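Enquirer: requesting a structural model of the entry that follows:
(2 chains)
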Amino acid sequence: GAVVSQHPSWVICKSGTSVKIECRSLDFQATTMFWYRQFPKQSLMLMATSNEGSKATYEQGVEKDKFLINHASLTLSTLTVTSAHPEDSSFYICSAITSGGDTQYFGPGTRLTVL
Amino acid sequence: AQSVTQLGSHVSVSEGALVLLRCNYSSSVPPYLFWYVQYPNQGLQLLLKYTSAATLVKGINGFEAEFKKSETSFHLTKPSAHMSDAAEYFCAVSDQITSYDKVIFGPGTSLSVIP
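Expert: From the prediction side, this is the model:
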């Protein structure tokens, strides 16, 4: 089956620093990757859609300058949380889908804690 | 616009009892429907999906769901609950399966299994 990995699985950082999260499709090429944010005991909220080689499409209310997304290859997308603050603490999950595919495959998530 | 509601944020069943998790959707076009399971601190795993073929869909781990257009429902069932089924379950909807489409998630239902 299709496997998506995320690195790191958890990260703790100081307020004001930037954190990069990687999302990789290990055994398939992902033309599109999605980034979600999940607060405790809540559902997933789509942050942005990332297409390989083009700019990401952000959902309403998501600051594109704060959450930088790069999809440089068909197997890698990165989410950088710039100048992180405690309110950015959350569980970030990515998913990937192939061209013409019908299923999103999810990564294991990254727990970000900003002190 | 599409939306998903899940009746009951928390469901408890005894081991060996029937599992029924409710999902109702709203969509202006024929929907595609999904059930995902999330274990603590993990990403999402696809249980099953409806993509306009058979209305009764069988998934992994003994789960199945039935698409009922007249009721706009896609309830998830399992004849006999196992302790390992304890997790968070999300129903989701999209209106077309392309690499650019968005999946809208319901609020989730937490399933507890009592020994």
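
Enquirer: from here on, just use CA atoms for contacts and neighbour counts.
Expert: Fine.

Enquirer: for the most centrally placed residue in chain B, list each beta-bridge partner.
Expert: A centroid search over chain B (Cα atoms, centre = their mean) returns residue B:35, at 3.2 Å, as the residue closest to the centre. For residue B:35, the beta-bridge partners under DSSP bridges are residue B:48, residue B:91.

Enquirer: for chain B, which spans come out with low pLDDT?
Expert: B:96-101 (pLDDT under 70).

Enquirer: re earlier: the residue nearest to the centre of chain B and residue B:63, how far apart?
Expert: Per Cα to Cα, to the nearest Å, residue B:35 is found 10 Å from residue B:63.

Enquirer: run a quick neighbour tally on the nearest residue to residue B:82 once chain neighbours are set aside.
Expert: Using Cα to Cα, 6 or more residues apart in numbering or on different chains and skipping the chain neighbours, the partner closest in space to residue B:82 is residue B:15 (5.5 Å). Neighbourhood size, residue B:15 [other Cα atoms under 10 Å in any protein chain shown]: 17.

Enquirer: residue B:15: what's it in contact with?
Expert: Applying Cα atoms under 8 Å, 6 or more residues apart in numbering or on different chains, one finds that residue B:15 lies in contact with B:80-83, B:113-115.

Enquirer: try it again at 6 Å.
Expert: Counting by Cα atoms under 6 Å, 6 or more residues apart in numbering or on different chains, residue B:15 touches B:81-82, B:113-115.

Enquirer: now the residue in chain B that chain A sits nearest to: closest residue in space that isn't a chain neighbour?
Expert: Of all residues in chain B, residue B:43 sits closest to chain A, at 3.9 Å by Cα to the nearest Cα. In this structure, residue B:43 finds its nearest non-sequential neighbour in residue A:108, 3.9 Å apart by Cα to Cα, 6+ apart.

Enquirer: for chain A, what lies in contact range of chain B?
Expert: Contact residues, chain A versus chain B (Cα under 6 Å from any Cα of the partner chain): A:32, A:43, A:99-100, A:102, A:106-109.

Enquirer: right, and residue B:50 touches residue B:35 too?
Expert: No - counting by Cα atoms under 6 Å, residue B:50 sits too far from residue B:35 to count as a contact (9.1 Å).

Enquirer: picking up where we left off before, just the contacts of residue B:15: which are in strands?
Expert: B:113-114 (DSSP state E).
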